[in-house]
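Novice: Please find the sequence and the predicted model below.
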Amino acid sequence: MSIFEIIMLLCFGSAWPFSIYHSYRARTNAGKSLVFLCIVLVGYVAGVFHKLYYSYDGVIYLYMLNGLMVLVDILLYFRNRKLMAAAGSP
């Protein structure tokens, strides 16, 4: 277990609640990129698999938590796209 890996995941992970809150409240996808969110999710999934197959430790839970938050943001992206379409926004 690396303290630097933990710090990195905590720092990256601290941004996701703000992003989720903004996505939920704004009800729009302005400033969001589905491609970016998917790439980040793939990175966290890769981190989980690395921990499972090569160096299992408690840090896996930070990868899973961060991945879950990105997944929530992706789901909000689709919700917001649906809301924008219903409102007639481009």
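Specialist: Received it, and whenever you're ready, just let me know what you need. Numbers count the residues shown, from 1 in each chain.
Novice: Now stretch 14-24: buried residues?
Specialist: 16, 19-20, 23 (16 or more other C-beta atoms under 10 Å). Backbone N, C-alpha and C define where each C-beta goes, glycine included.
Novice: Please apply the same query to stretch 28-39.
Specialist: By neighbour count on 16+ other C-beta under 10 Å, the buried set for stretch 28-39 is 29, 32, 37.
Novice: do the same with stretch 68-81
Specialist: Quick answer for stretch 68-81 (16+ other C-beta under 10 Å): 69-70, 72-74, 76-77, 80.
Novice: With pLDDT and distance to Cys11 added, can I get these in TSV?
Specialist: TSV is the format used below for these (pLDDT from 0 to 100; distance: C-beta to C-beta, whole Å):
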residue	pLDDT	distance to Cys11
Met69	98	13
Val70	98	15
Val72	98	19
Asp73	98	17
Ile74	98	21
Leu76	98	22
Tyr77	98	23
Asn80	96	26
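Novice: any chance of the residues you listed in TSV, with secondary structure too?
Specialist: Shown next, in TSV, are those (DSSP: H, G, I helix; E, B strand; the rest coil):
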residue	secondary structure
Met69	helix
Val70	helix
Val72	helix
Asp73	helix
Ile74	helix
Leu76	helix
Tyr77	helix
Asn80	helix
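Novice: for the buried residues of stretch 14-24, which one is nearest Leu52?
Specialist: Trp16 (21.8 Å; C-beta to C-beta).
Novice: what element comes up after the helix or strand containing the closest one heading to the C-terminus?
Specialist: For Trp16, the host element (DSSP states H and E) is helix 3-26. Downstream of helix 3-26, the next assigned helix or strand under DSSP H and E is helix 34-53.
Novice: what does that next one rub up against?
Specialist: Helix 34-53 is contacted by residues 57, 59-60, 63-64, 66-67, 70-71, 73-74, 77 when judged by C-beta atoms under 8 Å, 6 or more residues apart in numbering.
Novice: The closest residue to Tyr63 other than its chain neighbours: neighbour count?
Specialist: Using C-beta to C-beta, 6 or more residues apart in numbering and skipping the chain neighbours, the partner closest in space to Tyr63 is Gly47 (4.0 Å). Neighbours of Gly47 under the rule other C-beta atoms under 10 Å: 19.
Novice: Much appreciated, bye for now.
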